[in-house]
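J.: Fold the following.
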Amino acid sequence: MRTLPGFPRYALAIAAIASGATFAAGCRAVTSAHLPPIHHVFVIVLENKGFETTFGAETKSPYLADTLTKAGALLRQYYGIGHSSLDNYIAMISGIAPTPETQADCGIFADFRQTGMAPYDQPIGKGCVYPLHVQTLPNQLTARQLTWSAYMEDMGLDVQRDARATCAHPPIGAPDPTEGASKDDQYATKHNPFVYFHSIIDFPSCDSNVVALPRLESDLRSAVTTPNFVFISPSLCHDGHDTPCVNGEPGGLVSADAFLRRWVPMIMQSPAYRDGGLLIITFDEANGADATACCGEESGPNVEQAGVRGPGGGRAGAVLLSPSIRGGTVSDVPYNHYSMLRSVEDIFGLSHLGYAAQPGLKSFGDDVFGGR
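T.: All right, here's what the predicted structure looks like:
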């Protein structure tokens with residue numbers, strides 16, 4: 001079995017000591033969730049589309065809006081947690097609320113300067129790259145001897161933008177040259193939340209785990225080589241962000257749908273998916289005009305409103321696919337990115353990080369899996 005270490009045990013202990021607490025004390029206890037046996041979770045994140053745009057009658061993404069909803073579950077009340085992109089991605093793997101810098105997508109790749117700690121382990125301060133003691137889902141998974149990988153489309157293709165093909169990010173304190181796309185490389189650091197945590201980038205295992213997208217195809221060939229947690233970020237063109245794209249593709253939902261048509265069947269035909277897999281497809285946020293929220297979301301200690309113009313990131317929707325989900329399922333239970341993190345943590349028997357631990361926040365439940 002290929003080992004995919006995300007955070008060495010000794011480093012986990014060091015990080016806990018640095019934070020002045022034990023790792024277990026930094027999280028909230030797991031509550032019982034009625035979930036089917038799932039061994040591999042796949043997440044694909046698309047960009048900046050509201051629910052009606054994606055799933056309405058005039059959709060330009062018929063594969064997602066029609067074919068895949070008929071094969072799985074449509075979550076009609078799934079919300080982003082903020083605006084713009086990066087704060088949503090960070091929330092998905094850590095439960096951490098926005099800062100002014102992550103709301104602005106961190107044009108400068110600056111360290112987070114912590115001045116305190118708020119309830120639910122929310123760091124108080126300013127900046128982008130969180131200190132070593134701040135934990136993430138990958139750290140949790142590795143501590144439980146589970147595996148994870150993040151697959152980034154186009155990463156490393158243009159050495160002027162992202163000089164590395166693994167764990168690519170700007171130097172600390174430097175401008176981020178990937179804020180916009182280039183013709184040959186449309187990777188965006190701001191869509192790669194893993195590199196905003198010293199508990200990941202300070203260790204050589206980041207190069208093993210945060211890799212370019214083509215490796216996913218070979219990793220899917222067996223359940224043994226498929227990580228327990230897979231996070232996929234398409235390029236700025238294929239995630240729907242750019243319209244049109246700098247390489248001449250149409251972009252928007254048209255290119256996002258084409259990306260899904262290529263990769264979703266590959267995932268669903270893989271041994272890991274067929275034997276206890278779950279695929280989550282969602283958007284980081286709705287369009288910027290929609291700053292609605294759900295689920296009692298708190299904006300956190302560093303900003304007045306997580307959605308800049310309102311409390312959240314708007315209604316974007318999500319589609320879940322699994323052998324454990326009956327096709328055509330529709331749920332109107334409110335969920336957001338903190339709910340998704342909580343659900344993944346429940347699936348793997350982990351504690352709840354950050355705002356994933358809020359009382360009353362729901363994990364995916366019988367409304368999603370109850371049809372089997």
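
J.: Number of residues surrounding residue 62?
T.: Neighbour count for residue 62, taken as other CB atoms under 10 Å: 12. In short, each C-beta sits where N, CA and C put it, glycine included.

J.: try residue 37
T.: Residue 37 is flanked by 8 other residues according to other CB under 10 Å.

J.: Report the contact partners of it.
T.: Neighbour list for residue 37: 276, 324 [criterion: CB atoms under 8 Å, 6 or more residues apart in numbering].

J.: one more time with 6 Å, if that's ok
T.: For residue 37, the contact set (CB atoms under 6 Å, 6 or more residues apart in numbering) comprises residue 276.

J.: any idea how far it lies from residue 364?
T.: For residue 37, the distance to residue 364 equals 14 Å [CB to CB, to the nearest Å].

J.: ranges for the helices of the chain?
T.: Along the chain, the segments classed as helices by DSSP state H run 9-19, 51-55, 62, 69-71, 85-94, 100-103, 137-143, 198-201, 205-209, 215-219, 252-268, 271-274, 337-347, 366-369.

J.: Tell me which of those sits most buried.
T.: Highest mean neighbour count among these (mean count of other CB atoms under 10 Å): helix 85-94, with a mean of 28.

J.: In terms of secondary structure, what does that one contact?
T.: Where contact means 3 or more CB pairs under 6 Å, 6 or more residues apart in numbering; DSSP states H and E, helix 85-94 is packed against helix 100-103, helix 337-347.

J.: again, 8 Å this time
T.: If contacts are counted by 3 or more CB pairs under 8 Å, 6 or more residues apart in numbering; DSSP states H and E, helix 85-94 sits against strand 40-46, helix 100-103, helix 137-143, helix 337-347.

J.: Give me the helices and strands touching the third one, please.
T.: Translated: helix 137-143. Using 3+ CB pairs under 8 Å, 6+ apart: helix 137-143 touches helix 9-19, helix 85-94, strand 148-152, helix 198-201, strand 229-233, helix 337-347.

J.: For residue 75, find the nearest of those.
T.: When those are compared by CB to CB, helix 337-347 sits nearest residue 75, at 9.3 Å.

J.: Let me see the mean pLDDT of the closest one.
T.: For helix 337-347, mean pLDDT is 98.

J.: Now do it: distance to the chain's middle.
T.: Centroid separation for helix 337-347 versus its chain: 11 Å, with CA atoms, centre = their mean, to the nearest Å.

J.: Stretch 250-268 too?
T.: Taking CA atoms, centre = their mean, one finds stretch 250-268 lying 17 Å from the centre of the chain it belongs to.

J.: Then stretch 115-135?
T.: Remark: stretch 115-135 is offset 19 Å from the chain centroid, using CA atoms, centre = their mean.

J.: Of all the residues in that stretch, which ones are buried?
T.: Neighbour-count burial for stretch 115-135, with 16 or more other CB atoms under 10 Å as criterion, is recorded at 117, 120-123, 125, 127-135.

J.: returning to what we had before: can you add distance to residue 67 and give the helices and strands packed on helix 85-94 back as a markdown table?
T.: Below are those laid out as a markdown table (distance: least, CB to CB, whole Å):
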| stretch | distance to residue 67 |
| --- | --- |
| strand 40-46 | 15 |
| helix 100-103 | 34 |
| helix 137-143 | 29 |
| helix 337-347 | 22 |
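
J.: quick one: which of these is nearest residue 219?
T.: Using CB to CB, those put strand 40-46 closest to residue 219, at 10.7 Å.

J.: Each with direction, which strands does that closest one pair with?
T.: strand 229-233 (parallel), strand 277-283 (parallel) (DSSP bridges).

J.: returning to that earlier point: tell me which of the helices and strands packed on helix 137-143 sits nearest to residue 303.
T.: Nearest of the helices and strands packed on helix 137-143 to residue 303, taken as CB to CB: helix 85-94 at 8.6 Å.

J.: returning to what we had before: export the strands paired with strand 40-46 to CSV and tack on mean neighbour count and distance to residue 108?
T.: Formatted as CSV, these follow (neighbours: other CB atoms under 10 Å; distance: least, CB to CB, whole Å):
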stretch, mean neighbour count, distance to residue 108
strand 229-233, 25, 21
strand 277-283, 25, 26
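
J.: can I get the ones you listed in TSV with distance to residue 336 and mean pLDDT?
T.: Converted to TSV, the strands paired with strand 40-46 look like this (distance: least, CB to CB, whole Å; pLDDT from 0 to 100):
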stretch	distance to residue 336	mean pLDDT
strand 229-233	17	98
strand 277-283	10	98
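
J.: Thanks a lot, catch you later.
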